[in-house]
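>>> One predicted model, sequence on top.
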Amino acid sequence: MAVKNYSDACSAFSTLRALSDFTIILDDNSDRQFPYREECGEYLNLRRRGLWNDLGNKLTLLQRAYVNGCTWVVCMDDDILFSHNFQTKADVLKLIGEAEASGRDTCLFLLRDLWDSSESFRCDGVWGAKHFMVLRKNWFFYEDITLPRAGLKRLHREVYPAGFAARPGSNRLVCPQYCAYHTGCISSERRIERVRKYSVEDPNNEHQADYTYMLETEQLSLAPVPEDDLRLIRQKLRLGKGGSV
């Protein structure tokens with residue numbers, strides 16, 4: 001997991017530790033110390049100038065996972081909560097088994113953006129078609145694989161070895177029985193701040209889609225969070241004033 005000024009609002013590190021044999025945290029230019037530094041399998045403290053480099057961070061984490069012998073990697077953000085059926089190492093091993101049996105290299109969950117509370121998520125338009133990559137086989141173990149230069153793309157582009165991008169979707173296992181709940185849009189204040197942030201960092205939308213869609217509500221449609229997941233979210237999520245985290 002790559003973090004910057006980590007917030008424990010989603011209990012992300014404790015979740016990652018429960019899912020993994022070995023935890024690796026890449027702390028990218030934080031102004032405050034990561035609170036679980038001494039509990040990490042490996043802690044990387046990055047100090048550099050420039051924008052958050054999502055591709056570079058992911059490649060660094062994959063490389064360090066390779067050094068530590070991790071053949072599969074659980075991917076997390078600190079504003080993500082997983083559904084109740086993906087909380088243990090046994091859950092991870094079950095999914096890895098399914099992926100390997102079908103010859104897949106990555107596992108995607110449904111991504112549900114919590115909207116204005118922990119009880120509902122947005123499901124209209126693009127909001128109902130999002131996915132989050134949770135498991136990926138560590139491509140550093142593959143023979144003759146060629147990786148892109150880490151500095152070419154930033155922000156939210158995916159990391160794919162050469163040869164895989166030409167076959168989009170062919171190596172992915174989409175798992176509709178699992179969900180990743182995103183808290184980054186849970187309040188109007190957070191949505192406005194996200195749009196402002198990315199308009200500053202990527203004004204020409206070179207590395208990601210135009211995020212202003214987050215502010216459009218004309219076709220707004222919400223769906224309830226299932227009860228089993230809602231109980232877990234309420235347990236793990238620390239909501240602040242106005243629904244912010």
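Received the coordinates, thanks. It should be emphasised that the depicted structure is a prediction, and the values quoted were computed from it without experimental measurement. Numbers count the residues shown, from 1 in each chain.
>>> contacts, neighbours, all on C-alpha from now
Will do.
>>> Report the separation between the closest residue to Gln63 other than its chain neighbours and Glu38.
Closest residue to Gln63 in three dimensions, ignoring its sequence neighbours and counting by CA to CA, 6 or more residues apart in numbering: Phe140, at 6.7 Å. When CA to CA, to the nearest Å is applied, the distance between Phe140 and Glu38 equals 27 Å.
>>> Longest strand of the chain, counting residues only.
Scanning the chain for the longest strand, with DSSP state E as the assignment, gives strand 172-182.
>>> mind listing what that one pairs with, with the direction of each?
Take DSSP bridges as the rule and strand 172-182 pairs in its sheet with strand 80-82 (antiparallel), strand 106-113 (parallel).
>>> Who is Val73 paired with across the strands?
Each beta-bridge partner of Val73 is listed here: Arg136, as defined by DSSP bridges.
>>> where does the protein dip in pLDDT?
When residues are selected by pLDDT under 70, those of the chain lie in 144, 146-170, 239-245.
>>> where exactly do the strands run in it?
With DSSP E applied, the chain shows strands at 2-3, 24-28, 42-46, 72-74, 80-82, 106-113, 120-122, 131-137, 172-182, 222-224, listed in chain order.
>>> For Arg234, which of those is the nearest?
strand 80-82 (10.6 Å; CA to CA).
>>> ok, and what's touching the closest one?
Contact partners of strand 80-82, identified using CA atoms under 8 Å, 6 or more residues apart in numbering, comprise 10, 12, 178-183, 233.
>>> Compare these and tell me which has the most neighbours.
For the contacts of strand 80-82, the largest number of neighbours (other CA atoms under 10 Å) sits with Thr183, at 27 neighbours.
>>> close enough to count as contact, that one and Leu111?
No. Between Thr183 and Leu111 there is no contact under CA atoms under 8 Å: 10.5 Å.
>>> between the contacts of strand 80-82, which is nearest Val195?
Top of the list for closeness to Val195, among the contacts of strand 80-82 and by CA to CA, is Thr183 at 14.7 Å.
>>> Distance-wise, check that closest one relative to Asp77.
Thr183 sits 10 Å away from Asp77, going by CA to CA.
>>> show me where this protein has helices.
Chain-ordered helices for the chain, with DSSP state H as the definition, fall at 12-19, 54-67, 89-101, 188-201, 227-236.
>>> Just put the ones you listed in CSV and tack on distance to Ser120.
Supplementary listing: the helices of the chain in CSV, determined by distance: least, CA to CA, whole Å:
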stretch, distance to Ser120
helix 12-19, 20
helix 54-67, 28
helix 89-101, 25
helix 188-201, 14
helix 227-236, 9
